[in-house]
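# Test case, fold it:
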Amino acid sequence: MTLPDLLAASLLIAKGVLAVVSICFLISGCDDGFIDLYHLYHAVRTWLGRLPATGPDARPINVARLCEKPEQPIAVMIPAWDESAVIRRMLLTNLERIKDDQLHLFVGT
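Next up is the predicted model:
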């Protein structure tokens with residue numbers, strides 16, 4: 001097998017591999033496109049008022065509605081690399097303002 005034949009064969013193999021990869025990307029993109037179109041369709045119908053928002057989340061969210069549900073544990077991760085000048089004040093302010101008995105603050109690097 002001569003060098004031009006070897007080059008032609010390798011280019012043919014590369015073309016086949018690129019075709020397979022291109023088809024995989026196309027299928028993956030179509031899947032995402034269908035999901036985006038579905039959500040866009042429902043957003044437009046809701047915005048036009050033809051599909052009213054129903055269910056437990058249809059009411060506007062306010063403080064009274066949030067307080068009527070039982071508290072669930074929540075964890076807040078606070079990265080702290082070189083914040084020694086402000087970290088204590090920030091933590092105390094958050095603990096004063098956030099009225100949650102099941103709040104867990106994790107501070108670290």
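# for the protein, longest helix please?
helix 3-48 (DSSP state H).
# Number of residues surrounding I87?
For I87, the neighbour count with other Cβ atoms under 10 Å is 13. For every residue, glycine as well, the C-beta is placed using N, CA and C.
# Next up, the contacts around it.
When contacts are counted by Cβ atoms under 8 Å, 6 or more residues apart in numbering, I87 touches I78, A80, V107.
# 7 Å - rerun?
Going by Cβ atoms under 7 Å, 6 or more residues apart in numbering, I87 touches A80, V107.
# Can you say which helix or strand has A75 in it?
Using DSSP states H and E, A75 sits in strand 74-79.
# Could you spell out the sheet neighbours of that strand, each with its direction?
If you go by DSSP bridges, strand 74-79 pairs up with strand 103-108 (parallel).
# The helix or strand of the chain with the lowest mean pLDDT packs against which elements?
Ranked by mean pLDDT, DSSP states H and E, the helix or strand of the chain with the weakest confidence is helix 63-67, at a mean of 81. Using 3 or more Cβ pairs under 7 Å, 6 or more residues apart in numbering; DSSP states H and E as the contact criterion, no helix or strand is in contact with helix 63-67.
# Dump that helix to CSV, restricted to CA.
Taking C-alpha atoms only, helix 63-67 is exported to CSV below (Å, rounded to 0.1, in the frame of the first residue of the first chain):
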residue,chain,number,x,y,z
VAL,A,63,-44.5,35.6,53.7
ALA,A,64,-47.8,34.3,55.2
ARG,A,65,-47.9,31.4,52.6
LEU,A,66,-44.3,30.5,53.3
CYS,A,67,-44.9,30.5,57.1
